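quick one: sequence plus predicted model below, questions after.
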Amino acid sequence: MNFRKATISDLKEIQELYIETIQSVCKNDYNASQIQAWVSGVKNTERWLEVINMQFVLLAIIQNKIAGFGTLKNENYIDFFYIHKDFQRQGIAAKILTELEIEAKNQFSKTITSDVSITAKPFFEKKGFKVKTEQKNIRLGIELINYKMEKTL
């Protein structure tokens with residue numbers, strides 16, 4: 001596995017990974033309507049371009065394929081964190097998280113935060129994150145629950 005920063009040319013593959021991961025990995029924690037509302041965010045091209053251009057976007061590459069990605073916004077906020085459905089439970093998430101934490105520390109951050117899905121919450125708890133609050137987000141009129149989590153670096 002190799003790491004590299006994302007470029008605009010990676011956007012299509014990143015978006016496909018985002019959709020497929022949510023649809024397959026999160027289906028036990030969110031219903032079909034919630035998943036459809038969640039993945040609708042992929043249509044916000046401006047937001048995705050801003051992520052690529054303004055955030056630290058780290059890709060995990062295995063055999064020339066994006067196996068996962070994580071983004072760091074404003075030096076200490078994990079905005080996106082997804083592992084390809086075919087690469088789950090192989091330690092990739094832990095390695096990406098470690099790299100994001102190193103980057104946050106390099107930016108002199110004392111904490112790292114994220115809004116974490118029900119599905120990802122156990123992973124983040126295992127990695128030392130604490131739940132600050134449960135959040136109810138409305139997207140396309142559908143309620144999506146996630147957790148504001150934080151870890152001291």
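Structure's in. What do you need?

just the element for residue 99, please.
Using DSSP states H and E, residue 99 maps to helix 92-106.

name the helices or strands packed onto that helix?
Helix 92-106 sits against strand 2-5, strand 56-62, strand 65-73, strand 77-83, strand 111-117, with contacts defined as 3 or more Cβ pairs under 8 Å, 6 or more residues apart in numbering; DSSP states H and E. In short, each C-beta sits where N, CA and C put it, glycine included.

tell me which residues are up against the shortest one.
Residues external to strand 2-5 that are found in contact with it (Cβ atoms under 8 Å, 6 or more residues apart in numbering): 56-62, 95-96, 99.

what angle separates the helix or strand just after it from strand 77-83?
As assigned by DSSP H and E, the chain's next helix or strand after strand 2-5 is helix 11-25. Interaxial angle, helix 11-25 versus strand 77-83 (axes from the mean of the first three to the mean of the last three Cα atoms, to 10 degrees): 70 degrees.

just the buried residues of helix 11-25, please?
11, 14-15, 17-19, 21-23, 25 (16 or more other Cβ atoms under 10 Å).

just curious, which of the residues you listed is nearest to residue 133?
residue 22 (22.2 Å; Cβ to Cβ).

looks like that closest one contacts residue 40 (just checking).
No: proximity of residue 22 to residue 40 does not meet the contact threshold set by Cβ atoms under 8 Å, at 10.4 Å.

roughly how far does residue 58 sit from residue 92?
Separation of residue 58 from residue 92 (Cβ to Cβ, to the nearest Å): 11 Å.

please apply the same query to residue 52.
From residue 52 to residue 92 the distance is 20 Å (Cβ to Cβ).

before we move on, back to that, of the contacts of strand 2-5, buried ones?
With burial judged by 16+ other Cβ under 10 Å, the buried subset of the contacts of strand 2-5 is 56-60, 95-96, 99.

redo those residues as a markdown table? Include distance to residue 86 and pLDDT.
Shown next, in a markdown table, are the buried ones among the contacts of strand 2-5 (distance: Cβ to Cβ, whole Å; pLDDT from 0 to 100):
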| residue | distance to residue 86 | pLDDT |
| --- | --- | --- |
| 56 | 25 | 97 |
| 57 | 20 | 98 |
| 58 | 19 | 98 |
| 59 | 15 | 98 |
| 60 | 13 | 98 |
| 95 | 16 | 98 |
| 96 | 16 | 98 |
| 99 | 21 | 97 |
